[in-house]
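Undergrad: following is a predicted model, sequence given first.
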Amino acid sequence: MSPGRNCPLHYRYVPESLNRPADFIADTLYVIGGLYGNQPALRAIRELATAEPASATLVFNGDFNWFNIDAAGFTAINETVLTHHAIRGNVETELASDDGDTGCGCGYPDSVSDADVERSNAIEARLRETARGFPELRARLAALPMTLTANVGGLRIAIVHGDCESLAGWSYDESALRDADGIASVTAHCKAAGVNIIASSHTCLPIAMTLDTGNGTSAIFNNGAAGMPNFAGTSFGVITRISTTAASTPATLYGTVIDGIHIDALAVHHDQTAWQTAFSANWPDGSAAELSYGKRIANGPRYGLNRAMGPGIRISHTLLQQVRTAGGKS
């Protein structure tokens, strides 16, 4: 089996390990997964945070590196991210490794083609070449934890990259959360971790839903990707906002409220032209990243916004008005 298929043992932990005192407390929390080296998206996220009426705490839950194989892009992303709370994704974990035996460490399910796996391994190998020029940054990436816990307004939050059992787990992929077994798994994770909210990423496609864990309402929010389009015909990334106050930005896509705490998906509208130019400079036509991601970056994936909104999740009022207006004009 190709490297990257299997989940290494050192990626694993138990949900109970998240049942611990909060690593930090925040009134407003941005969970930013899958930035993928996108500097314009990073600037847009920081602008969103600055526009908050009160200070927002940023936490990057892995894979903030990926396409940034140029030295300037690599240093800019990591030096900025590492001033905030962060955990390592499979990308950062493998960047800090010298052997490369695990490839990208993505732990892809069998539905992903061998060709896609091999291209992802090639991207990781190329990025590792760049990272080797920055030993201090590599050491800082290696020192990052695999999970964090937070408290927002009394709600406990587990911040993971994959799922509550593995850094590269796929339990929170949208396809896994469409059946009873998938729901039972995430419900068990919430109970074992003693959390009200699980914030994840890794699978590249967003999904959010509420759950009845027997101890009140809980929620899973997988933000998909902060640095890539998440829906067909769009160019924006997505992050998760958790706050004691309602979001006032028109970037709000969908969300829910649990015990007075607002959990929302925010759109990351950034300079798409600048990003595509930077991407193409590093990954020209025919390169591994262009073949795997070029069409998505240009046009978005074949995935609709409606698929991201599971039970208990509601479209934002502003976005609903926009949809209705667009529908009236068509």
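TA: It's in.
Undergrad: so which residues of this structure form helices?
TA: For the chain, the helices defined by DSSP state H cover 39-50, 71-81, 90-95, 114-131, 135-142, 180-193, 272-282, 288-299, 305-308, 317-329.
Undergrad: ok now the fourth one, how far from the chain's centre?
TA: This means helix 114-131. What separates the centre of helix 114-131 from the centre of its chain is 19 Å, taken as C-alpha atoms, centre = their mean, to the nearest Å.
Undergrad: got the helices of the chain as TSV, with distance to Asn151 and mean neighbour count columns?
TA: C-beta coordinates here come from the backbone N, C-alpha and C atoms, glycine included. What follows is the helices of the chain, written out as TSV (distance: least, C-beta to C-beta, whole Å; neighbours: other C-beta atoms under 10 Å):
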stretch	distance to Asn151	mean neighbour count
helix 39-50	19	19
helix 71-81	22	17
helix 90-95	25	27
helix 114-131	33	19
helix 135-142	25	15
helix 180-193	13	17
helix 272-282	34	16
helix 288-299	35	18
helix 305-308	26	17
helix 317-329	28	11
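Undergrad: please name whichever of these is nearest to Glu174.
TA: helix 305-308 (6.3 Å; C-beta to C-beta).
Undergrad: and the contacts of that closest one?
TA: Glu174, Leu205, Pro206, Ile207, Ala208, Gly224, Asn230, Phe231, Leu253, Tyr254, Ala265, Ile315 (C-beta atoms under 8 Å, 6 or more residues apart in numbering).
Undergrad: hang on, the earlier thing: Val238: which of the helices of the chain is closest?
TA: Where those are weighed against each other on C-beta to C-beta, the nearest is helix 305-308, at 8.1 Å.
Undergrad: neighbours of Met228, how many?
TA: 27 (other C-beta atoms under 10 Å).
Undergrad: do Asn65 as well
TA: Count around Asn65 with other C-beta under 10 Å applied: 27.
Undergrad: can we start the residue count at 29 from this point?
TA: Sure, I'll start counting at 29 from here, so that last one is Asn93.
Undergrad: my guess is it contacts Gly65. True?
TA: Yes: if you go by C-beta atoms under 8 Å, Asn93 and Gly65 touch, sitting 5.5 Å apart.
Undergrad: now do the shared contacts for those two.
TA: With C-beta under 8 Å, 6+ apart as the test, Asn93 and Gly65 both reach Phe102, Ile105.
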